[in-house]
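In: sequence below, structure please.
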Amino acid sequence: MLISAMNNTECPFVSVIIPVFNDAERLKRCLAALSQQRYPADRFEIVVIDNGSDDPGAIADSTRPFSQVTLTVEPAPGSYIARNKGISMAMGEIIAFTDADCIPASDWLAEGVACLQQTPNCGQVVGNVELFFVDSQRPTLVEVYESLTALRQDRLLKQFHGGATANVFTWRQVIEQVGLFNTRLKSAGDMEWGNRIFQAGYQQIYAPNVRVQHPARSSFQALKKRALRLAGGAYNWCIKPEDSFVQKQKMFARLLLDKLIEPVKFSIETFRNPKVKSLGQRLGLTSISFYLRYAGAAELIRLKLGGNSNRE
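Out: Here you go, the predicted model:
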């Protein structure tokens with residue numbers, strides 16, 4: 001490991017950016033994991049941004065035991081606005097992003113920094129997000145679906161040239177060149193930002209050894225909320241106000257077609273997946289996929305007809 005061979009003064013200073021909204025308990029768990037990092041403690045800071053939580057005192061209580069944490073508040077709703085606030089306060093030459101509900105591995109910072117340093121012209125390291133279940137021996141159908149579809153960082157990087165900010169590293173100078181997150185977007189802002197890094201000519205890598213754990217969603221309602229949010233994010237990202245009428249129509253048709261085709265692809269993959277062992281489970285997962293994707297298609301149509309694009 002590159003970091004272990006360095007003196008503390010040779011380790012780049014890292015700023016870890018964590019937005020949080022009404023999630024004090026899991027934030028405390030995240031900060032506890034960060035306090036156990038194998039990276040030198042005097043070479044990183046943690047910037048927590050309370051994005052308008054209902055009980056700010058609980059958020060403050062969660063951060064108080066950790067001396068490396070700077071807590072700030074961003075009352076305007078939106079995780080990308082909150083991350084931008086964190087970036088504005090960060091002191092590090094490396095910026096690392098994770099979420100309040102994530103649990104970074106003890107070598108997360110060391111591995112992420114090493115990947116950045118060892119990859120020529122590296123603009124972004126997209127790390128591995130490992131989903132875990134409430135009961136690892138008996139995951140629910142919703143949790144299994146989530147594990148098959150959510151936060152597949154290798155796929156996101158390949159398809160969209162970006163990664164979910166649950167686990168991303170970059171250099172400050174990259175942000176200075178490509179800009180901050182697009183606060184117009186409620187979702188997919190991390191993909192849009194990553195795409196700018198790609199367009200600027202930087203290398204982007206997926207690093208499976210840069211690991212955080214993330215709880216799988218356990219309720220169908222949470223899955224549906226995510227599906228609608230992602231559909232809205234894709235709409236706002238891909239259909240820009242400055243596009244021509246024809247461009248907007250073509251992109252809308254493409255987005256809608258993707259939503260209608262995705263469940264068919266998922267069904268084929270599910271029936272071939274050895275991790276899905278029973279016919280009943282395969283049918284259940286396929287049913288969830290069809291419902292959620294078509295709900296996403298309905299959300300696209302709602303937005304196309306002038307619906308509110310800021311709905312959470």
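
In: quick one, strands of this structure?
Out: 14-20, 44-50, 69-73, 94-98, 103-104, 122-132, 167-171, 203-215 (DSSP state E).

In: reformat those strands as TSV; add mean neighbour count.
Out: For glycine as for every other residue, the C-beta is placed from the backbone atoms N, C-alpha and C. Rendered in TSV, the data for the strands of the chain read as follows (neighbours: other Cβ atoms under 10 Å):
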stretch	mean neighbour count
strand 14-20	25
strand 44-50	24
strand 69-73	16
strand 94-98	25
strand 103-104	22
strand 122-132	23
strand 167-171	25
strand 203-215	19
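
In: stretch 152-172: which residues count as buried?
Out: Of the residues in stretch 152-172, 152-153, 156-157, 160-172 count as buried by neighbour count, 16 or more other Cβ atoms under 10 Å.

In: same question, stretch 231-240
Out: Under the neighbour-count criterion of 16+ other Cβ under 10 Å, stretch 231-240 has 231-239 buried.

In: how distant is it from the center of its chain?
Out: In this view, stretch 231-240 has its centroid 17 Å away from the chain centroid, taken as Cα atoms, centre = their mean, to the nearest Å.

In: tell me the contacts of Phe21?
Out: With contact taken as Cβ atoms under 8 Å, 6 or more residues apart in numbering, Phe21 is in contact with 50-53, 79, 100.

In: which ones among the residues you listed are found in helices?
Out: Secondary structure of those is defined by DSSP state H; positions in helices are Ser79.

In: quick check: the farthest pair among the contacts of Phe21?
Out: Across those, no pair lies farther apart than Gly52 and Ala100, at 13.5 Å, counting by Cβ to Cβ.

In: OK, contacts around Lys85?
Out: By Cβ under 8 Å, 6+ apart, the residues touching Lys85 are 49, 72, 74.

In: the strands of the chain: which one's closest to Val144?
Out: Across the strands of the chain, Val144 has its closest neighbour in strand 122-132 (9.9 Å, Cβ to Cβ).

In: picking that back up, as TSV, the strands of the chain with mean pLDDT would be great.
Out: Written out in TSV, the entries for the strands of the chain read as follows (pLDDT from 0 to 100):
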stretch	mean pLDDT
strand 14-20	98
strand 44-50	98
strand 69-73	97
strand 94-98	98
strand 103-104	98
strand 122-132	96
strand 167-171	98
strand 203-215	97
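
In: show the pLDDT at the closest residue to Val47 other than its chain neighbours.
Out: Of all residues beyond its chain neighbours, the one nearest Val47 is Gly86 (4.3 Å), with distances taken as Cβ to Cβ, 6 or more residues apart in numbering. As predicted, Gly86 sits at a pLDDT of 97.

In: close enough to count as contact, Gly86 and Val69?
Out: No: distance between Gly86 and Val69: 11.5 Å, which falls outside the contact criterion (Cβ atoms under 8 Å).

In: quick one: contacts for the residue nearest to Phe198 when sequence neighbours are not counted?
Out: For Phe198, ignoring the flanking residues on the chain, the nearest one in space by Cβ to Cβ, 6+ apart is His161 at 3.7 Å. The contact partners of His161, by Cβ under 8 Å, 6+ apart, come to 191, 194-195, 197-198, 204.

In: mind picking the two most distant members of the residues you listed?
Out: With distance counted by Cβ to Cβ, no two of these lie farther apart than Met191 and Gln204, which are 11.7 Å apart.

In: overlap of the contact sets of the two?
Out: With contacts taken as Cβ under 8 Å, 6+ apart, Met191 and Gln204 have 161-162 as neighbours in common.

In: number of nearby residues for Phe266?
Out: Residue crowding around Phe266 was assessed by other Cβ atoms under 10 Å; the count is 21.

In: number of nearby residues for the nearest residue to it once chain neighbours are set aside?
Out: Nearest non-adjacent residue to Phe266, counting by Cβ to Cβ, 6+ apart: Ser289, 4.4 Å away. By other Cβ under 10 Å, 22 other residues sit near Ser289.

In: quick one: the helices in this structure?
Out: Ranges of helices within the chain are 24-34, 56-63, 79-89, 108-118, 141-149, 153-160, 172-178, 189-199, 220-238, 245-272, 279-304, based on DSSP H.

In: out of the ones you listed, which one sits most buried?
Out: helix 108-118 (a mean of 23; mean count of other Cβ atoms under 10 Å).

In: got the contact list for it?
Out: 1-4, 11-12, 14, 16, 34, 37-39, 44, 94, 96, 98, 105, 122, 125, 127, 167, 169-171, 205, 207, 209-212.

In: export the strands of the chain as a markdown table, with columns for distance to Gly280.
Out: A markdown table is the format used below for the strands of the chain (distance: least, Cβ to Cβ, whole Å):
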| stretch | distance to Gly280 |
| --- | --- |
| strand 14-20 | 38 |
| strand 44-50 | 43 |
| strand 69-73 | 46 |
| strand 94-98 | 36 |
| strand 103-104 | 32 |
| strand 122-132 | 22 |
| strand 167-171 | 33 |
| strand 203-215 | 25 |
